[in-house]
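> Compute the structure for the input listed below.
(2 chains)
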Amino acid sequence: MSTLTAKLAKIVLLVLASGGLYLLATHQHGQRESIRQAAVALTPDCAEKLGRYGLASGEHYQSPYVLQRTGARITARGYSDEDVRVIQRGCNIVDDTQGHLAGDADRERWNTTRFIRGTHLSCDHCHQSIGDKQDAGGNPMKGSLNLGASWAMADMYDRFTGLLLPFELRQMQCYINSSNGYKPNIADDVIRDVTAYSRFLSVALDYRIGNHHDEQGVDEIPASATPKQGDDHVRGEALYKQKCAHCHGPQAFGLEADGRVVAPALAGPNSWNMQSRNYFYYVSTILPGFICRNMPPGQENTLPNEECRDIAYYISNLPRPAGDRQGPLVALRQQMLMKVLPPLLRLTETVRNGEAPVERESGHDR
Amino acid sequence: MNPPAPPEGDAPVERNREQPASSTRIKTLAKVGLVAGFVIWAHLGSGVEAFRSGVSSEPGWKKFSADYEIEHFGKDGQFVRAVQNGYNLVFHTHKYASRFTRKTALDRANSCGSCHTAEDLAYAFVNSDRFDPRLGMRVSFEDRVRRCYAGPMDGFAPTIYDPAVRDIRLFARAVAHHLQLGEGALRRKD
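Got it, this is the predicted structure:
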């Protein structure tokens, strides 16, 4: 009798546990649906950009940008209210991935921070001006990683992964390596919203499927595009201190003010990891290309190729997290380097200069 | 002193020990031969396309490739092969996606091409990822393809990563490039 009772109790417990899980999943699902239906509070930059590009629900869409620049009225399929909200949320995620500008970051950004290990990284750091960087004349800038242009040219063969890489999978890689985090599911709202926003950019800027534009991706700089003086991290260090340290900090750990990131970390725990394409030892052409075409803000295209390679080489020698496929030993080594090197370097600098210790940067002591 | 006589029955025991050894060798050789034979048959004689990067050329591919200027993406390459596989999937679905459809060569409507033209798919691709009020959700191009396999093709939905879905998307993308379609392009009413 007691055995029967115990068995029954086990069954009841299992049914209750399963039912509880089911109710929890239903609750979460309902919560997601309510977020999808809710009005979107745009970040100031998104409000400006989406307003300028005339995003509104309606049967047809005509890009004011294209009309203004070419005089052509290109009519495309319009957007429903639901589509507009998706695009708005995607813009918010790119502009403010960590949700610093959101009232409720978890709800308004789909809890994006669960896919990012650090506290700095945001899509907008690489895909500047919310993935649509333009010069003063309104021309998209070469090598500025324009998201709309990337969508138009997605699905091509990717030499790093050996895959015909869909736009969604590329975003997942960004979360794993550039954000040193975890990959969302391909059907997660985080991914789908950013895809919808990128697709909207492509129609706003009139990109056609499969056409290459200079603003797509990075304008890579190989060693052959330099005077071939060799990539030199000593030169790179001097250049970094002269041109980059002012914003990114003396040890490249980034700067924060009032809890907001002023300049993102280029090294340390808040930075991209050793399997990111930004890592010079992994791909030596991408970070120099990014620096030359996008840095310093407002003075883009002013650094010579050799200097961009030197700076990129120096930055990549600074300690940063290991990649997700490099194993626990490399991860441990990098964690130790990130803990030990900063105070040692500070001490060295202090002794060398005979000055007071350099003020601590944000992030590295977390 | 004479050595003790071997016990009776020793000689037959020796013979018995030799016999199993040789038969084991024969069995091992037979097994190796069987595996080698299977490998050779699988590679050369089976006609199964699995694990081959090549794509079979079906009738009409050359004309399609010329008409839609697929060579813009290279004479050959991963993308072009995927587009060619997409062509095979669209126009010979029962043959190339037999896992995901119950339709056979005997059915009249047995391929995506029975209902859709290449251009239909290109327009569907650039108009995908929109909210569908009928379904109450956003529907991607891949979702539509999967629904086609499960519904009109009377079969099963592949995963979103399956080449049976992916290559149809790439096929649509290549056609969209030829037509110079952008996001949300509307079809001209002829």
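> Please make it C-alpha for all contacts and neighbour counts, starting now.
Fine.
> Just the residues contacting the helix or strand of chain A with the lowest mean pLDDT, thanks.
Scoring the helices and strands of chain A by mean pLDDT, DSSP states H and E places helix A:105-108 at the bottom, with a mean of 87. Here helix A:105-108 makes contact (C-alpha atoms under 8 Å, 6 or more residues apart in numbering or on different chains) with A:35, A:40, A:89, A:98-99, A:102, A:111-112.
> Quick check on these: which are buried?
A:35, A:40, A:89, A:98-99, A:102, A:111-112 (16 or more other C-alpha atoms under 10 Å in any protein chain shown).
> and the residue of chain A found nearest chain B, how far is that from residue B:183?
Per C-alpha to the nearest C-alpha, the residue of chain A with the smallest distance to chain B is residue A:208, at 4.2 Å. Separation of residue A:208 from residue B:183 (C-alpha to C-alpha, to the nearest Å): 7 Å.
> Which part of chain B gets nearest to chain A, residue-wise?
Of all residues in chain B, residue B:182 sits closest to chain A, at 4.2 Å by C-alpha to the nearest C-alpha.
> Disregarding residues adjacent in the polypeptide, which is nearest to that residue?
residue A:208 (4.2 Å; C-alpha to C-alpha, 6 or more residues apart in numbering or on different chains).
> I figured the one you found was touching residue B:184, is that so?
No: the criterion here is C-alpha atoms under 8 Å, and residue A:208 misses it with residue B:184 at 10.4 Å.
> Report the next helix or strand after the helix or strand bottoming out on mean pLDDT in chain B in sequence order.
Scoring the helices and strands of chain B by mean pLDDT, DSSP H and E places helix B:10-40 at the bottom, with a mean of 80. Following helix B:10-40 in sequence order, the next helix or strand is helix B:61-67 (DSSP states H and E).
> Wondering if that next one reaches chain A at all.
No: using C-alpha under 8 Å from any C-alpha of the partner chain, helix B:61-67 never reaches chain A; the gap is at least 15.8 Å.
> Does anything pack onto the helix or strand following that helix? Which helices or strands?
Next helix or strand after helix B:61-67 toward the C-terminus (DSSP H and E): helix B:78-91. Helices and strands touching helix B:78-91, as assessed by 3 or more C-alpha pairs under 8 Å, 6 or more residues apart in numbering or on different chains; DSSP states H and E, comprise helix B:93-96, helix B:163-178.
> rerun at 6 Å
helix B:163-178 (3 or more C-alpha pairs under 6 Å, 6 or more residues apart in numbering or on different chains; DSSP states H and E).
> and the helix it packs on, what's its mean pLDDT?
For helix B:163-178, mean pLDDT is 95.
> Outline the domain layout of the chain.
Just going to use chain A. Structurally, chain A divides into domains by automatic domain parsing as follows: A:42-204, A:223-353.
> The chain in question should be chain B.
Using automatic domain parsing, the domain parsing of chain B gives B:8-48, B:61-178.
> Mind pulling the model confidence for residue B:149?
95.
> If we look just around chain B, which residues of chain A are in range?
Chain A has residues A:76-77, A:203, A:208-210 near chain B, with proximity defined as C-alpha under 6 Å from any C-alpha of the partner chain.
> Mind doing that once more with 7 Å?
Listed as neighbours of chain B in chain A under the rule C-alpha under 7 Å from any C-alpha of the partner chain: A:76-77, A:82-83, A:156-157, A:164, A:199, A:202-203, A:206-210.
> Just the ones of those in helices?
Judged by DSSP state H, helices contain the following of the residues of chain A next to chain B: A:82-83, A:199, A:202-203.
> In the residues you listed, find the pair that's most separated.
Greatest spatial distance among these (C-alpha to C-alpha): A:82 and A:202, at 18.8 Å.
> Touching, the residue nearest to residue B:182 and residue A:153? I think so.
No: taking contacts as C-alpha atoms under 7 Å, residue A:208 lies outside contact range of residue A:153: 8.8 Å.
> So for the two, which sits in the more crowded spot?
The neighbour count for residue A:208 versus residue A:153, taken as other C-alpha atoms under 10 Å in any protein chain shown, is higher for residue A:208 (25 against 22).
> quick revisit: distance to residue A:233, pLDDT and secondary structure for the contacts of helix A:105-108 - can I get that in a markdown table?
A markdown table is the format used below for the contacts of helix A:105-108 (distance: C-alpha to C-alpha, whole Å; pLDDT from 0 to 100; DSSP: H, G, I helix; E, B strand; the rest coil):
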| residue | distance to residue A:233 | pLDDT | secondary structure |
| --- | --- | --- | --- |
| A:35 | 48 | 91 | helix |
| A:40 | 46 | 93 | coil |
| A:89 | 41 | 96 | helix |
| A:98 | 32 | 90 | coil |
| A:99 | 35 | 90 | coil |
| A:102 | 39 | 88 | coil |
| A:111 | 38 | 88 | coil |
| A:112 | 35 | 90 | helix |
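> Name the nearest of those relative to residue A:193.
Nearest to residue A:193, judged by C-alpha to C-alpha, of those is residue A:89 at 6.2 Å.
> Spit out the contact partners of that closest one.
A:40, A:193 (C-alpha atoms under 7 Å, 6 or more residues apart in numbering or on different chains).
> name the element residue B:138 belongs to?
strand B:137-139.
> Can that strand be said to contact chain A?
No: on the criterion C-alpha under 7 Å from any C-alpha, strand B:137-139 is out of touch with chain A, staying 8.2 Å away.
> what about stretch A:117-137, start to end distance?
One end of stretch A:117-137 to the other measures 37 Å (C-alpha to C-alpha).
> Now do the buried residues in that stretch.
Going by neighbour count (16+ other C-alpha under 10 Å), the buried part of stretch A:117-137 is A:117-134.
> Any idea how many residues pack against the residue of chain B closest to chain A?
Quick note: residue B:182 (other C-alpha under 10 Å) scores 25 neighbours.
> What distance do you get for it to residue B:124?
12 Å.
> So which bits of the strand or helix carrying residue A:349 are buried?
Following DSSP H and E, one finds residue A:349 within helix A:327-353. For helix A:327-353, burial by neighbour count (16+ other C-alpha under 10 Å) applies to A:330-331, A:334-335, A:337-339, A:342, A:346.
> Check those and tell me the two furthest apart.
Spatial extent of the buried residues of helix A:327-353 (C-alpha to C-alpha) is set by the pair A:330 and A:346 at 24.1 Å.
> Residue A:303 contacts residue A:291, doesn't it?
No: look at residue A:303 against residue A:291 with C-alpha under 7 Å: they stay out of range, at 8.1 Å.
> who has more neighbours, these two?
residue A:291 (26 against 16).
> With adjacent residues omitted, what lies nearest to the more buried one?
Using C-alpha to C-alpha, 6+ apart, the nearest residue to residue A:291 is residue A:308, at 5.9 Å.
> tell me the contacts of that neighbour?
By C-alpha under 7 Å, 6+ apart, the neighbours of residue A:308 are A:288, A:291-292.
> Tell me the residues of chain B that contact chain A?
B:78-79, B:130-131, B:173, B:176-177, B:180-186.
> Could I have the buried ones of the residues you listed as ChimeraX selection syntax?
The ChimeraX selection below is limited to those of these classed as buried (16+ other C-alpha under 10 Å):
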select /B:78,79,130,131,173,176,177,181,182,183,184,185,186
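> can you tell me which two in the residues of chain B next to chain A are farthest apart?
Farthest-apart pair in the residues of chain B next to chain A is B:78 and B:131; separation 31.8 Å (C-alpha to C-alpha).
> got the buried residues for stretch B:129-149?
Within stretch B:129-149, the residues that qualify as buried are B:129-131, B:138, B:140-149, counting by 16+ other C-alpha under 10 Å.
> give me the low-pLDDT residue ranges for the stretch 151-300 of chain A?
For the stretch 151-300 of chain A, applying pLDDT under 70 flags no range at all.
> typo on my end, it should be chain B
B:1-19, B:48-53, B:189-190.
> same thing but at 50, please
Along chain B, the parts satisfying pLDDT under 50 run over B:1, B:9, B:190.
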